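Q: build the 3D model from these lines:
(one chain, ligands or ions: 1)
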Amino acid sequence: MNDAIETPRLVLRPYVDGDAERILDIHSRLEVIRWLSNPPFVPMASLDEAHARMKEWRERDAEREHTVHLAIEPRETGVLAGGMGVTPLPGDPEGRYEVGWHLHPDAAGHGYASEAAVALLDTVFADGLDEVWCTMYPHNEPSARVAQRIGLTDLGIIPDRWYGGDSHIFHMTRQEWLGRDRD
Ligand SMILES: CC(C)(COP(=O)(O)OP(=O)(O)OC[C@H]1O[C@@H](n2cnc3c(N)ncnc32)[C@H](O)[C@@H]1OP(=O)(O)O)[C@@H](O)C(=O)NCCC(=O)NCCS
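A: Now for the predicted structure:
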């Protein structure tokens, strides 16, 4: 699953070499990367690293079904706004997946992450994924609002078996997703 996904305002598409500069701009920012994984948070420092990151994403997408990293591009600007992905949960013995998102700060506050997440989940559930998890730092309110806005089930702040410590964890099954109310 690595075709482009269209939404009213966005194109979710595979990364291309021309994205390197913007990826560097996004991933060199502590304010973004401090939410994306466990410490240490190491800001990206060069265009070479941006190209290597895209290569790593492509390889991971090819390795395992349902894994996908997509660029979020608003039609209005044509400027890469951020990224969205479904990826295997680290070390999960049952091979389960998580959904994740990030935006350049200059692209936040427009609903792009929520719009992209709905479209991506529509696609991965249509492709046969059974369930998806979403785990974030307990005080990551903007991200929790995205998860709540798109209707993931809020399991609260609970022990995180994948990243350690306590996380704010959300969950969604295909059945629940297909059965939810859309307005
Ligand atoms: C998490 C993150 C993607 C959320 O970004 P965001 O811009 O708040 O989320 P959305 O793109 O869905 O936009 C929603 C906001 O836009 C506002 N908005 C403006 N116009 C809108 C529109 N047309 N449609 C929907 N929302 C709109 C909403 O009111 C909402 O603001 P609020 O949350 O203050 O109420 C962003 O904060 C980020 O990249 N953080 C760093 C990385 C990160 O934490 N990733 C998640 C790790 S788990």
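Q: and the pLDDT for the residue of the chain at minimum distance from the ligand?
A: Per Cβ to the nearest ligand atom, residue 111 is where the chain lies closest to the ligand, at 2.2 Å. Backbone N, C-alpha and C define where each C-beta goes, glycine included. pLDDT recorded at residue 111 is 98.
Q: one more: the one 3 residues further on?
A: You'll see residue 114 listed with a pLDDT of 98.
Q: shouldn't it be within a strand?
A: No. Per DSSP: H, G, I helix; E, B strand; the rest coil, residue 114 lies outside any strand segment and is helix.
Q: who are the contact partners of it?
A: 146, 149-150 (Cβ atoms under 8 Å, 6 or more residues apart in numbering).
Q: do the same with residue 168
A: 135-138, 140, 144, 154, 156-157.
Q: inside strands: which ones of those?
A: Assigned to strands by DSSP state E, the following of those qualify: 135-136, 154, 156-157.
Q: selecting buried members of these in PyMOL, what would you type?
A: Entered in PyMOL, the line below selects the buried ones among the ones in strands among the contacts of residue 168, by 16 or more other Cβ atoms under 10 Å:
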select buried, resi 135+136+157
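Q: restrict the ones in strands among the contacts of residue 168 to contacts with the ligand.
A: Among these, the residues within reach of the ligand (Cβ under 6 Å from any ligand atom) are residue 136.
Q: tell me which two of the contacts of residue 168 sit farthest apart.
A: Largest separation among the contacts of residue 168 by Cβ to Cβ: 137 and 154, giving 14.8 Å.
Q: same question for stretch 127-143: list its buried residues.
A: By neighbour count with 16+ other Cβ under 10 Å, stretch 127-143 contains the buried residues 129, 132-137, 140, 143.
Q: my bad, stretch 65-73
A: 66-73.
Q: again, but for stretch 114-122
A: 114-121.
Q: cool, and stretch 166-183?
A: Neighbour-count burial for stretch 166-183 flags 167-172, 174, 177 (criterion: 16+ other Cβ under 10 Å).
Q: in strands, which of those fall?
A: Those of the buried residues of stretch 166-183 lying in strands (DSSP E): 167-172.
Q: could I get the residues you listed as TSV with pLDDT and distance to residue 99?
A: Putting those into TSV (pLDDT from 0 to 100; distance: Cβ to Cβ, whole Å) gives the following:
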residue	pLDDT	distance to residue 99
167	98	14
168	98	14
169	98	12
170	98	9
171	98	10
172	98	8
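Q: and which of the residues you listed is nearest residue 86?
A: Of those, the one sitting nearest to residue 86 (Cβ to Cβ) turns out to be residue 172, at 11.4 Å.
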